[in-house]
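Colleague: Using only what follows, build the 3D model:
(one chain, ligands or ions: 2)
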Amino acid sequence: MREIKTLTNHQIELMRHSGEVMKGIFVGLRDFIKAGISTKDIDTFVYDFIISHGCKPSCLGYMGYPASACLEVNDVVVHGIPNENVILQNGDIVGVDICVNYKGIHTDACRTYAVGEISPEAQALVDTTKESFFVALKNLKAGSTTGDIGEAVQKFVEARGYSIVRELQGHGIGTTIHEEPGIPNFGKAGTGTKLRENMAICIEPMVNMGSRHVVFEKDGWTCRTRDGKWSAHYENTILVKKDGVEILTLEEDDEYAKLYL
Ligand code: MF3
Ligand code: CO
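Modeller: Ligands and ions are numbered 1, 2, ... in the order given. Predicted coordinates for the structure are as follows:
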């Protein structure tokens, strides 16, 4: 097993800066995302924003991935490849999953946006997915385990009648986007890897309206729900501290910002 890294103070500063750029992208996408644009248009927005802020899109070329963002429309769970022929329609939901590299240090985060007016059912799915992330942060600090996160997310999501995707998980992050430990969105509190001060991790619940099962497409990336029902995704990069956590990629005006910035 690879060593689980903690960050130096300098690396933490770089990661905070990377997170600031990520926040700017998410704020900018609020106005940019609307019916009639393609998922490729979103990717272009993300690429241009990252480059014009002196950073690099970590996803571009990562294990051969061909774009700067992953675009997750409706039943796409994760890793949807941007496509000029996929046009957003009123009522869709679209996850935008992005990694930003600033001087060799990465952040990774995702938001699921509403396109125009979405159904109450879709809104509830999106809201529950985001809330499950914050439920997992309660009491999280150095000494907590990855299983504490998994159990918190799973219990919250399943109590509302949704299911948790198990094939994909959160992860450590730092000089590469995917580091140890893996962080499943299900499990048992007290089990798994113990978190230490100054570790950076990504927690990313992927929540399905129907069954938890997924299928992977022949393009080698796109992951969809097996039953075609919709899925939502929410993710932040967080820094583990002695007494709690700091979220590095949370918009300043977010309802949870007072608690975690
Ligand atoms: N946030 C995505 C993940 O953790 C990042 C994927 S980058 C890609 O899997 F290149 F793999 F798409
Ligand atoms: Co991630």
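Colleague: Every contact and neighbour count from this point should use C-alpha atoms.
Modeller: Will do.
Colleague: How many neighbouring residues does the residue of the chain found nearest ligand 1 have?
Modeller: Residue nearest to ligand 1 within the chain (CA to the nearest ligand atom): residue 59, separated by 3.8 Å. If you count neighbours by other CA atoms under 10 Å, residue 59 ends up with 21.
Colleague: got the contact list for the closest residue to it other than its chain neighbours?
Modeller: Distance criterion CA to CA, 6 or more residues apart in numbering; nearest residue to residue 59, sequence neighbours excluded, is residue 68 at 5.2 Å. Residue 68 makes contact with 43, 44, 46, 47, 57, 58, 59, 60, 98, 99, according to CA atoms under 8 Å, 6 or more residues apart in numbering.
Colleague: Now do the same for the residue of the chain closest to ligand 1: its pLDDT.
Modeller: Per-residue pLDDT puts residue 59 at 98.
Colleague: Residue 261 too?
Modeller: Residue 261 is assigned 81 on the pLDDT scale.
Colleague: what about it, distance to residue 248?
Modeller: To residue 248, residue 261 is 8 Å away according to CA to CA, to the nearest Å.
Colleague: what do you get for residue 118?
Modeller: 29 Å.
Colleague: now residue 57
Modeller: Distance, residue 57 to residue 248, using CA to CA: 17 Å.
Colleague: before we move on, what about residue 159?
Modeller: Taken as CA to CA, the span from residue 159 to residue 248 is 29 Å.
Colleague: where do the strands sit along the stretch 51-200 of the chain?
Modeller: 56-57, 69-73, 76-78, 93-102, 105-114, 163-164, 170-172, 179-183, 200-203 (DSSP state E, counting those that start in this stretch).
Colleague: mean confidence for the third one?
Modeller: By that I understand strand 76-78. For strand 76-78, the per-residue pLDDT averages 98.
Colleague: Who are the contact partners of the nearest residue to residue 162 once chain neighbours are set aside?
Modeller: Spatially, and ignoring its direct neighbours in sequence, residue 162 is nearest to residue 209 (5.1 Å; CA to CA, 6+ apart). Residue 209 sits next to 125, 161, 162, 163, 229, 230, 231 when contact means CA under 8 Å, 6+ apart.
Colleague: Against residue 11, how distant is residue 173?
Modeller: 11 Å.
Colleague: So for these two, which residue has more residues nearby?
Modeller: The residue with more neighbours, out of residue 173 and residue 11, is residue 173; 27 against 19, by other CA under 10 Å.
Colleague: Can you name the residues of the protein that neighbour ligand 1?
Modeller: 59, 62, 65, 70, 79, 97, 108 (CA under 6 Å from any ligand atom).
Colleague: May I ask which of these has the most neighbours?
Modeller: Ranking the residues of the chain next to ligand 1 using other CA under 10 Å puts residue 108 first, with 29 neighbours.
Colleague: Which strand residues bridge that residue?
Modeller: In this entry, residue 108 is beta-bridged to residue 99, by DSSP bridges.
Colleague: leaving aside the residues next to it on the chain, what's closest to residue 118?
Modeller: Closest to residue 118 by CA to CA, 6+ apart is residue 91, at 4.1 Å.
Colleague: okay, now residue 84: neighbour count?
Modeller: The number of residues packed near residue 84 is 12, by other CA under 10 Å.
Colleague: Perfect, that will be all.
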